[in-house]
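Novice: Here's a sequence, model it:
(2 chains)
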Protein chains: 2
Amino acid sequence: MNVLWIMADQLRWDYLGCYGARHIKTPNIDRLASMGVRFNRAYVQSPICGPSRMSYYTGRYVRSHGSTWNGFPLRVGEPTIGEHLRETGVRCALVGKTHMIPDREGMSRLGIDPESVIGALVGECGFEVFVRDDGTNHSDYPGRHAEDYDTYLRARGMDGDNPWEEWANTAVGPDGEFRSGWLLENAGLPARVPKDHSETAWLTTRGIEFIEQQGETPWLCHLSYIKPHWPYLAPAPYHSIYSASDVPPPNRSDSEKRSCHPLMRAWMDMRVSKSFSRDEVRNAVAPTYMGLISELDDQLGRLFDYLEVTGRFNDTMVVFCSDHGDNLGDHWIGEKDLFYDCSARVPLIVFDPRKEADTSRGSVSEQLVEAIDLAPTFLEFFGGPEKPHIFEGRSLKPLLHDVDTEWRGFVFSEYDYATRESRREIGVDQRDARLVMVFDGRWKYIHVEGFRPMLFDLASDPGELIDLGEDPEHAGQVNRLKEIHFCWAREHHARITCSPDMVEAMTDDVEPPGIMIGYWNQDELEKDGYTVPGHIKTPSRGNSDQ
Amino acid sequence: MNVLWIMADQLRWDYLGCYGARHIKTPNIDRLASMGVRFNRAYVQSPICGPSRMSYYTGRYVRSHGSTWNGFPLRVGEPTIGEHLRETGVRCALVGKTHMIPDREGMSRLGIDPESVIGALVGECGFEVFVRDDGTNHSDYPGRHAEDYDTYLRARGMDGDNPWEEWANTAVGPDGEFRSGWLLENAGLPARVPKDHSETAWLTTRGIEFIEQQGETPWLCHLSYIKPHWPYLAPAPYHSIYSASDVPPPNRSDSEKRSCHPLMRAWMDMRVSKSFSRDEVRNAVAPTYMGLISELDDQLGRLFDYLEVTGRFNDTMVVFCSDHGDNLGDHWIGEKDLFYDCSARVPLIVFDPRKEADTSRGSVSEQLVEAIDLAPTFLEFFGGPEKPHIFEGRSLKPLLHDVDTEWRGFVFSEYDYATRESRREIGVDQRDARLVMVFDGRWKYIHVEGFRPMLFDLASDPGELIDLGEDPEHAGQVNRLKEIHFCWAREHHARITCSPDMVEAMTDDVEPPGIMIGYWNQDELEKDGYTVPGHIKTPSRGNSDQ
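Specialist: Numbers count the residues shown, from 1 in each chain, chains lettered A, B, ... in the order given. Presented below is the predicted three-dimensional model:
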């Protein structure tokens, strides 16, 4: 049994056919959905690459693993899915992106050599690296991992100081001139790289190569795509299969601007938000974003055909998800960030090859699912232990096998905007730039440290256009959700060295062996089944006044 | 410059002369207080050995280091004061007790050999071991560290299967017979071991030996005594210098029993609580407890004389503290546990040899101080960095140097009773056996997960005999303190890999080098000081419809 865990980067759930999109076709992702369970209410633990992924890779909330922003190293000793799987005899390999930054200070404190076998795994958050590529392979990026794709391009005659920048991130203009993929006005132009050698095509090929090389040892392959994340540039023909007229209208209202929260005002005021709020930007970018998704879908078709032909669908769990969405000008903001459904809600499809999953094939689960559920799902799939003292997510198995179960009532997501300029704009200390989302399936509550909370009712306002956070009529909801936030914040989340079994055993034992507390005399001691140490030959009693 | 950090085990603050006790004399501890600052409102992070010490040794709350109970290993990678000091070129050595249990699973995950130099340090929570002895040296204790004291006793003719048990924990009865130190009825009898070779005397000697062996390298010596922790047995003459008539009346009221909280009822119902609630027990145990304190004080006199004679008081910070108190039947409970002042409040005296401390010598600080303040105090003393992203305590320097400063308004302490039988008695899940104390100098609020909180007003009720937790007139106080608890629970406490300077630098940089997000065209890019990649020779503009 194996797991192929596919992740897209910055992919919105509502840009997939199986999630109801009519403006884009994704037949291959839809095909996977028809074979498995499509989770319709899956949320990431942070709507930003690094922290979201660290939650996926540890099965733990951001408040617990502590890597709260891109580039914040994952602390050494934070257990990862790779470590859990290896204990169970499973290889856990990476093909693509993780956004992991090693905790070099912590490793040095523990004497872990980054060049050693274990050091390399720790530095890659538990993954054995088949390919590591975080995208945006500019040559001065710290910890750059672009060798593989660069070499690949060069071998095909696509040379230069930085082949990625010069081919994948450079477009060809109408007069044959080169244009930078960093400039949004160029989004509608084709990339210099031909589609067969784009990052998406290349990673698919590398994923297939990994699978082909595997023997008897069970494996998990994290095939982690870089797209449709910016730079928004697609190779022909994907640069032109959609146009501005295919793009749905942005989800935003004038009232959002008028009545908005200080944090939202600062966010709308960021350059990237203002940029994506312009129609010309959205109309240039969104078609290419959609083209990149179609390209990914086509490549997944190639991958799924390969799995089909080689019989891998019989023994391989195939998971498709995203690390977060893309606001694309909805709510007058750009990028990912914050907790609107366009960013914090993600596609999640799980194909489970086990017979027990036959009754759920092609079904849709409306349960509240979190990114942290995948790690325990994988460990369970491979027959590993439960580890509820480490994992804060839970195995999706009952949902995949259509078994009645008490499921959770709330999902949580976090956001640390300490490094954002908007933090300074509203005068918040870097320790306090904390947002927490609590969502119960209807009410989305957002705790904003130092400010009033936000509240959206997705039943009456599915577009999340009306912030009820200061509406006195909703004070009850605010208080209810605040209590749930508090409840969650109080939970054990660092007590990771003692399993529930160990705790129960210690409760049974009362005290460690040899320790006897609070006994007055031998009668009391013997009543509890203890004996005094053997060298005491002549115990006497009743001398209580001594 | 060096630090001698003395810790007593289970020592109440109100059993010291300098803290106002009239029933016991502690001239040597009082002498230290007259040379330094006596902190009158010092609280431990958990009123139980293991978690309290792990907070002392990491400078972090229990919710953060996760070692919530005795025997719960300290997770590998949790940074310790020993590691911080070594980075600053300081030796950090242990003479005595830590209650540390290594995280063997975590170490194995990271490939850390417990026998290696670093592995040994990690396994001893960062201390270089000169002597490790946790007391209660029964031979079947896991991870027993009794070799040193056993060897010491044997070399002086005190032999047997378990010299500690047979000499230090065995009393001699009126007819010369042996009596077990585990039985409280024997507390008034002298231990077999003579006072010059008791655990307290021996550890003092070993501490002096450590100091004598030091050269030029600055050092911190954690001289961590085992007493006056149970077993309550003292060598002559300390077994008899106090009697029942010297013991103050217990601090408890009948009304406590009548109106008490379900948790308190379960606690009072524990065998050890019922035992210590009996007058015969208290009258037998407390005089010996006091004798053990006097013995400790005498030994500290010997130690301080040594420091005086060798001039060490000129270059050595000397700290005296305790890991928690002892309820001794107050409030109808025994042992440590819970957050009454007899348990959660501790003595803390800091002698700072620096000239800047001259104005504060002999003074008393009423500021709210926490055990986690010591680690950053030590690091600062040795000129190390601040590390506020790791430490949750803060350096006491401004209080020691009598400098005006904004100090904290609240102390927090935690208690995980998952392994206590009382947890099962009140039907609480092991994940939810959580108590948190918030104390603001007057109001002591105790969050009891799953039950109503407790509240004490120490201004009108210094004995903490009246629980106002369900008094409607105090609902406002309860809510105020609950908010503070929530505020504290929300704080970053796992974000330990990024210093504030790193966060500010990232905020300055906006994005990592080479990444340019959300720019429409070259004009916008250049306005922000960016340039497009050099290989793009002929950028054109205004083709927004492409």
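Novice: Start from the N-terminal end of the stretch 1-150 of chain A and give the strands.
Specialist: A:2-9, A:37-43, A:91-96, A:128-132 (DSSP state E, counting those that start in this stretch).
Novice: And for the nearest residue to residue A:272 once chain neighbours are set aside, the neighbour number?
Specialist: Nearest non-adjacent residue to residue A:272, counting by C-beta to C-beta, 6 or more residues apart in numbering or on different chains: residue B:518, 3.3 Å away. The way it works is simple: take the backbone N, C-alpha and C, and place the C-beta from them, glycine included. For residue B:518, the count of nearby residues is 20 (other C-beta atoms under 10 Å in any protein chain shown).
Novice: Next up, the contacts around residue B:518.
Specialist: Contact analysis of residue B:518 by C-beta atoms under 8 Å, 6 or more residues apart in numbering or on different chains lists A:184, A:271-272, A:275-276, A:281, A:334-335.
Novice: how about the helix or strand hosting residue A:484, does it reach chain B?
Specialist: Assessed by DSSP states H and E, residue A:484 sits inside helix A:475-490. Yes. Helix A:475-490 reaches chain B (C-beta under 8 Å from any C-beta of the partner chain) through A:486, A:489-490.
Novice: any idea of the angle that helix forms with helix B:475-490?
Specialist: Interaxial angle of helix A:475-490 relative to helix B:475-490 (axes from the mean of the first three to the mean of the last three C-alpha atoms, to 10 degrees): 50 degrees.
Novice: Show me what the longest helix along chain A packs onto, helices and strands only.
Specialist: When chain A is parsed with DSSP state H, its longest helix is helix A:279-309. In terms of contacts (3 or more C-beta pairs under 8 Å, 6 or more residues apart in numbering or on different chains; DSSP states H and E), helix A:279-309 is packed against strand A:2-9, helix A:27-35, helix A:199-213, strand A:219-228, helix A:271-276, strand A:316-322.
Novice: any chance of the ones you listed in CSV, plus mean pLDDT and mean neighbour count?
Specialist: Converted to CSV, the helices and strands packed on helix A:279-309 look like this (pLDDT from 0 to 100; neighbours: other C-beta atoms under 10 Å in any protein chain shown):
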stretch, mean pLDDT, mean neighbour count
strand A:2-9, 98, 25
helix A:27-35, 98, 20
helix A:199-213, 97, 20
strand A:219-228, 98, 26
helix A:271-276, 95, 20
strand A:316-322, 98, 24
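Novice: among these, which is nearest residue B:30?
Specialist: Closest approach to residue B:30 among the helices and strands packed on helix A:279-309 is made by strand A:219-228 (63.3 Å; C-beta to C-beta).
Novice: and that closest one, is it in reach of chain B?
Specialist: No. Strand A:219-228 stays out of contact with chain B when judged by C-beta under 8 Å from any C-beta, the minimum separation being 13.3 Å.
Novice: List the strands paired with that strand, with their directions.
Specialist: Here strand A:219-228 has these sheet partners by DSSP bridges: strand A:2-9 (parallel), strand A:91-96 (parallel).
Novice: Same list, those, but as TSV with distance to residue A:414 please.
Specialist: TSV is the format used below for the strands paired with strand A:219-228 (distance: least, C-beta to C-beta, whole Å):
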stretch	distance to residue A:414
strand A:2-9	19
strand A:91-96	24
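Novice: Which one of those strands lies nearest to residue B:90?
Specialist: Per C-beta to C-beta, nearest to residue B:90 of the strands paired with strand A:219-228: strand A:91-96, 39.5 Å.
Novice: Touching that closest one from outside, list them.
Specialist: A:7, A:81-82, A:85-86, A:124, A:126-133, A:203, A:206-207, A:210, A:214, A:217-226.
Novice: Run the chain-centre distance for it.
Specialist: 16 Å (C-alpha atoms, centre = their mean, to the nearest Å).
Novice: from memory residue A:187 sits against residue A:292, does it?
Specialist: No. With contact defined as C-beta atoms under 8 Å, residue A:187 does not reach residue A:292; the gap is 10.0 Å.
Novice: Kindly point out which residues are neighbours of both of the two.
Specialist: Joint contacts of residue A:187 and residue A:292 (C-beta under 8 Å, 6+ apart) are residue A:232.
Novice: of these two, who's got more company?
Specialist: Neighbour comparison, residue A:187 and residue A:292: the larger count goes to residue A:292, with 30 against 27 (by other C-beta under 10 Å).
Novice: Against chain B, how distant is that one?
Specialist: 16 Å (C-beta to the nearest C-beta, to the nearest Å).
Novice: Surely residue A:356 touches residue A:381?
Specialist: No. At 11.4 Å, residue A:356 does not count as touching residue A:381 under the criterion of C-beta under 8 Å.
Novice: Pick out whichever of those two has more residues nearby.
Specialist: residue A:381 (26 against 12).
Novice: Let's test this: what are the backbone torsions at that one?
Specialist: Main-chain dihedrals, residue A:381, degrees, to the nearest 10: phi -60, psi -40.
Novice: quick one: the helices in the stretch 401-546 of chain A?
Specialist: In the stretch 401-546 of chain A, the helices defined using DSSP state H, counting those that start in this stretch lie at A:421-425, A:475-490, A:500-509, A:522-527.
Novice: If you count contacts, what does the third one end up packed against?
Specialist: Pointing back at helix A:500-509 there. Helix A:500-509 packs on helix B:421-425, going by 3+ C-beta pairs under 8 Å, 6+ apart.
Novice: does the helix it packs on come close to chain A?
Specialist: Yes. Helix B:421-425 lies within reach of chain A by C-beta under 8 Å from any C-beta, at B:421, B:423-424.
Novice: Could you tell me which of those count as buried?
Specialist: residue B:423 (16 or more other C-beta atoms under 10 Å in any protein chain shown).
Novice: The residues of helix B:421-425 next to chain A into CSV, with extra columns for pLDDT and distance to residue B:413?
Specialist: Rendered in CSV, the data for the residues of helix B:421-425 next to chain A read as follows (pLDDT from 0 to 100; distance: C-beta to C-beta, whole Å):
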residue, pLDDT, distance to residue B:413
B:421, 89, 22
B:423, 95, 18
B:424, 95, 23
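Novice: and the closest residue to chain B within chain A, how far is that from residue A:497?
Specialist: Closest approach between chain A and chain B, counting by C-beta to the nearest C-beta: residue A:77, at 2.3 Å. Distance of residue A:77 to residue A:497, given as C-beta to C-beta, to the nearest Å: 10 Å.
Novice: tell me, what's touching the two both at once?
Specialist: Counting by C-beta under 8 Å, 6+ apart, the common neighbours of residue A:77 and residue A:497 are B:75, B:106.
Novice: Could I get the contacting residues of residue A:356?
Specialist: Listed by C-beta under 8 Å, 6+ apart, the contact partners of residue A:356 are A:400-401.
Novice: I'd like the distance between residue A:185 and residue A:273.
Specialist: The value you get for residue A:185 to residue A:273, if C-beta to C-beta is used, is 18 Å.
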